[in-house]
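Novice: okay, predicted coordinates and the sequence, questions at the end:
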Amino acid sequence: MRIVDARTGEPAELRPRRVGLLRVTVVVGERDGRFDLGDLRALLAGDVLARTCETQGLQVFTGLAVPDGAQEQAGALLKAAEEMGIHPPGRLSAHGDAGTADLVIAGRPQPGSDAVAPALLVTGPVSGPVTGSVVGSVVGSVVGSVVEEASDAGSASGSPGSARDPFALRLVLLEHAVTDPVRITAAALADAGERIARWRALVADLAGAPSGPLDADMVQAGFDGLDENLDARVAVRALQALDERSDLAAGTRFETCLRLDQVLALELARDIGRGPR
């Protein structure tokens, strides 16, 4: 797996110092203890990295570095991350302590003291009609707060309920290259939420079909993208294709959706067995 090292602008191969274990530190927060949606994106990048590596037999240990004295605010950030299906970190530390990390992931450019790891990935900024820190948005649903403020700036298309699915924000972020800037809008969240709902319904419908082989080309293309700077866009496009490819065997569509969702983590199997909604 390769990432674009923010210090050189060149692709860098991830090389664990310990065989079979990749150590990652995600650095979040401003020095004054404020957090924003860019920090959620950095956590998401760490989550996608861990899920991708684990499907390939490489264990990942993820630590989280926060500003001094910001542990309480970090708890709120992690609550928002949990809503988006992001696995919690295994260790909490202060800025400047990357430990023995093989890779540092950050949501904003870092001073040299935070970039002691062999590789540094800086995720692109996240903007939108959201004011203040993300911590103030956590009560209820972080995505719901984003949608409410975005709707004040312009009406969203689609179902408001689907836009408030926290996984809609996950999908919107996954549809951009990890280092590219992203602007969050109510319309984008509504569209993402509707597609997730449709894909979950598809997987539930296909669950009763006889098992079939994976579509090897779709899976390989999706994972090849993830191996190059955590680019999830090919895997997301594969899900869209599976939604439209009624010519494929139901079992193949089902198994391929679940395989891709091991990394995308949109909880596509959530509605299996629930019956009509």
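Specialist: Nice, I can see it.

Novice: can you show me the strands along this structure?
Specialist: 2-4, 11-13, 21-27, 59-66, 91-94, 103-106, 119-122, 126-127, 182-183 (DSSP state E).

Novice: which stretches of the stretch 151-277 of the chain have low pLDDT?
Specialist: In the predicted model, the stretch 151-277 of the chain carries pLDDT under 70 at residues 151-163, 275-277.

Novice: circling back to that earlier point, which of the strands of the chain sits most buried?
Specialist: With neighbours defined by mean count of other CB atoms under 10 Å, none of the strands of the chain is more surrounded on average than strand 103-106, at a mean of 26. Just so you know, the C-beta spots here come from the backbone N, C-alpha and C atoms, and that holds for glycine as well.

Novice: that one packs against which elements?
Specialist: strand 21-27, helix 37-55, strand 119-122 (3 or more CB pairs under 8 Å, 6 or more residues apart in numbering; DSSP states H and E).

Novice: can you tell me the average pLDDT over it?
Specialist: Rounded to a whole number, the mean pLDDT of strand 103-106 is 94.

Novice: what about it, distance to the chain center?
Specialist: Strand 103-106 has its average C-alpha position 14 Å from the chain's average C-alpha position, going by CA atoms, centre = their mean, to the nearest Å.

Novice: before we move on, what about stretch 267-277?
Specialist: The gap between where stretch 267-277 is centred and where its chain is centred comes out at 22 Å by CA atoms, centre = their mean.

Novice: next, work out how far apart G20 and D261 are.
Specialist: From G20 across to D261, the span is 25 Å (CB to CB, to the nearest Å).

Novice: what does G128 give?
Specialist: Distance check for G128 against D261: by CB to CB, it reads 26 Å.

Novice: R195 now?
Specialist: From R195 to D261 the distance is 13 Å (CB to CB).

Novice: now do A187
Specialist: Computed as CB to CB, the A187 to D261 distance reads 24 Å.

Novice: who has more neighbours, the two?
Specialist: Just comparing A187 and D261: by other CB atoms under 10 Å the higher neighbour count belongs to D261, 19 against 16.

Novice: the more buried one reaches L268, doesn't it?
Specialist: Yes. Counting by CB atoms under 8 Å, L268 is a contact partner of D261 at 4.5 Å.

Novice: what touches both of these two?
Specialist: Overlap between the contact sets of D261 and L268, as judged by CB atoms under 8 Å, 6 or more residues apart in numbering, is given by L239.

Novice: just the helices in the stretch 151-277 of the chain please.
Specialist: Listed in chain order, the helices found in the stretch 151-277 of the chain under DSSP state H, counting those that start in this stretch are 160-163, 166-174, 186-206, 216-227, 233-244, 250-264.

Novice: contacts for the last one next, please.
Specialist: It stands for helix 250-264. In contact with helix 250-264 (CB under 8 Å, 6+ apart) are residues 48, 51-52, 55, 171, 174, 199, 202-203, 206-207, 209-215, 218-219, 222-223, 226, 232, 235-236, 238-239, 242, 245, 267-269.

Novice: rerun at 7 Å
Specialist: 48, 51-52, 55, 174, 199, 203, 206-207, 209-215, 218-219, 222, 226, 232, 235-236, 238-239, 242, 245, 268-269 (CB atoms under 7 Å, 6 or more residues apart in numbering).

Novice: weed out the non-buried ones from the residues you listed.
Specialist: The neighbour-count criterion (16 or more other CB atoms under 10 Å) marks 48, 51-52, 174, 199, 203, 206, 212, 214-215, 218-219, 222, 226, 232, 235-236, 238-239, 242, 268 among the contacts of helix 250-264 as buried.

Novice: now do L92, the pLDDT please.
Specialist: L92 carries a pLDDT value of 83.

Novice: that one contacts L64, doesn't it?
Specialist: Yes. L92 is within contact range of L64, at 5.3 Å (criterion: CB atoms under 7 Å).

Novice: what's the closest non-adjacent residue to P11?
Specialist: Spatially, and ignoring its direct neighbours in sequence, P11 is nearest to R2 (4.5 Å; CB to CB, 6 or more residues apart in numbering).

Novice: should've said E228
Specialist: Computed as CB to CB, 6+ apart, the closest residue to E228 that is not its neighbour in sequence is R2, at 6.0 Å.
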